[in-house]
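**Student:** Sequence and predicted structure, then a few things I'm wondering about:
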Amino acid sequence: MTTTYNCTSDDQRTEGLQHAQRAISEKKCVVLPTDTVYGIAADAFSPLAVTMLLASKGRSRQMPPPVLIPRVNALDGLATDVPADARALAQAFWPGGLTLILHAQPSLDWDLGETKGTVALRMPDDQIALELLGLTGPLAVSSANRTGQEAAQTASEARLQLAESVEVYLEGGFRPVKGTAALPSTIVDATSTPFRVVRQGAIELEQLREIVPSILGVGESVPAEAPAADDAAAEEPQADKSPAEEFPAKEAAAEEATADAVAEGASASAVDAVVTRDEAPTADDAPAEVTEAAVVEDPTQGTVKPEASSEAKSE
């Protein structure tokens, strides 16, 4: 039976947290407030519970849920090979609206979906969420809404979408604040170098760069290095080069533009347009037009005179 608890009341808050803890231990789902939006939570170490969470949202295993943790030092229990810059971001923004993608501890017995050996971790800045996490340990948590619908900012909004698929709803009022936009956490992939923002959310890129200056924003790529002047001077004469040798920067730019277009989901025609534009001949490549008549000798006069054009001869 689904039950909603008003956690702004001390009595209901205590009762609701206890019921939520039991529901988690029974592999059922609960809805709880976080500092960003409301989340649907399940036992991160139960494949059955995670499957129920994904089914409640209408989501496939190809979209695994993040894991919320109660303390910063829980990071090392769930992730391995944590870079120093990732620790610096956690220290700066946890608890808060930052999710870090890291390499998962291979010894952990869990199944969050198709994670490819990674785990997305966050410590929320919400007292109710932290109290529940303190009772249950790490939880698989995703936004409390059906996939494709608006994120819920109250437990009652979440219940309209998730209904009886959730055992306990913990109502804590509007999240983040009534009248403000529902922003998800910012997700940073810390498994690559440099780090990359894969979803922009509550933490701005400029804030992240104050801690890790090299971090890339959504859609950004590492700028290509320009060839040194000495290298350019040392090149062989153009006449002795093949087209591929003569225009390496041009071809690299075309490849990079093509790769970027594909990464952004561009159509095949858009990719073709990039390559076609770079390969199109310029005015300098076109053959020069003959603007004067050819000059030949007149054997009878011993002088040189212009040869008539074909048009003049026909007249």
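**Tutor:** Received it, and whenever you're ready, just let me know what you need.
**Student:** Low-confidence stretches in the protein?
**Tutor:** Applying pLDDT under 70 to the chain picks out residues 225-315.
**Student:** For it, which segments are assigned as helices?
**Tutor:** Taking DSSP state H to define them, one finds helices in the chain at 10-25, 47-57, 75-78, 84-93, 127-136, 155-162, 205-211, 229-233, 243-246, 248-263, 268-279, 310-314.
**Student:** Now for the nearest residue to residue 122 once chain neighbours are set aside, how many residues are close by?
**Tutor:** In this structure, residue 122 finds its nearest non-sequential neighbour in residue 99, 4.4 Å apart by Cβ to Cβ, 6 or more residues apart in numbering. Where you see a C-beta, it was placed from the backbone N, CA and C, and this is true even at glycine. Residues lying near residue 99 (other Cβ atoms under 10 Å) number 24.
**Student:** So residue 99 is in contact with residue 188, correct?
**Tutor:** Yes: the pair residue 99 / residue 188 is scored as a contact, 7.1 Å apart, by Cβ atoms under 8 Å.
**Student:** quick one: contacts for residue 106?
**Tutor:** 80, 117 (Cβ atoms under 8 Å, 6 or more residues apart in numbering).
**Student:** Distance check, it against residue 61.
**Tutor:** 19 Å (Cβ to Cβ, to the nearest Å).
**Student:** Tell me the spacing between residue 17 and residue 64.
**Tutor:** 26 Å.
**Student:** packing partners for the lengthiest strand in the chain?
**Tutor:** The longest strand of the chain (DSSP state E) is strand 98-104. If you count contacts as 3 or more Cβ pairs under 8 Å, 6 or more residues apart in numbering; DSSP states H and E, strand 98-104 packs onto helix 75-78, strand 79-80, helix 84-93, strand 118-122, strand 186-189.
**Student:** for the longest one, packing partners?
**Tutor:** Other helices and strands packing on helix 84-93, by 3+ Cβ pairs under 8 Å, 6+ apart, are strand 98-104, helix 205-211.
**Student:** got these as JSON lines, with distance to residue 162 columns?
**Tutor:** JSON lines is the format used below for the helices and strands packed on helix 84-93 (distance: least, Cβ to Cβ, whole Å):
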{"stretch": "strand 98-104", "distance to residue 162": "21"}
{"stretch": "helix 205-211", "distance to residue 162": "32"}
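**Student:** wait, which of those is closest to residue 21?
**Tutor:** Nearest to residue 21, of all these, is strand 98-104, at 23.8 Å by Cβ to Cβ.
**Student:** tell me the angle that closest one makes with strand 118-122.
**Tutor:** 150 degrees (axes from the mean of the first three to the mean of the last three Cα atoms, to 10 degrees).
**Student:** partners of strand 98-104, with directions?
**Tutor:** Next to strand 98-104 in the sheet, as set by DSSP bridges, lie strand 79-80 (antiparallel), strand 118-122 (antiparallel), strand 186-189 (parallel).
**Student:** Next, format the helices and strands packed on strand 98-104 as a markdown table and append mean neighbour count and distance to residue 165.
**Tutor:** Shown next, in a markdown table, are the helices and strands packed on strand 98-104 (neighbours: other Cβ atoms under 10 Å; distance: least, Cβ to Cβ, whole Å):
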| stretch | mean neighbour count | distance to residue 165 |
| --- | --- | --- |
| helix 75-78 | 16 | 26 |
| strand 79-80 | 20 | 29 |
| helix 84-93 | 17 | 31 |
| strand 118-122 | 23 | 22 |
| strand 186-189 | 24 | 25 |
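**Student:** and residue 7, which of those is closest to it?
**Tutor:** Going by Cβ to Cβ, the one of the helices and strands packed on strand 98-104 nearest residue 7 is strand 118-122, 20.4 Å.
**Student:** can you list the residues that contact that closest one?
**Tutor:** 64-69, 75, 78-79, 94, 97-104, 112, 185, 187, 191.
**Student:** Any idea which of the strands paired with strand 98-104 gets closest to residue 25?
**Tutor:** strand 118-122 (21.6 Å).
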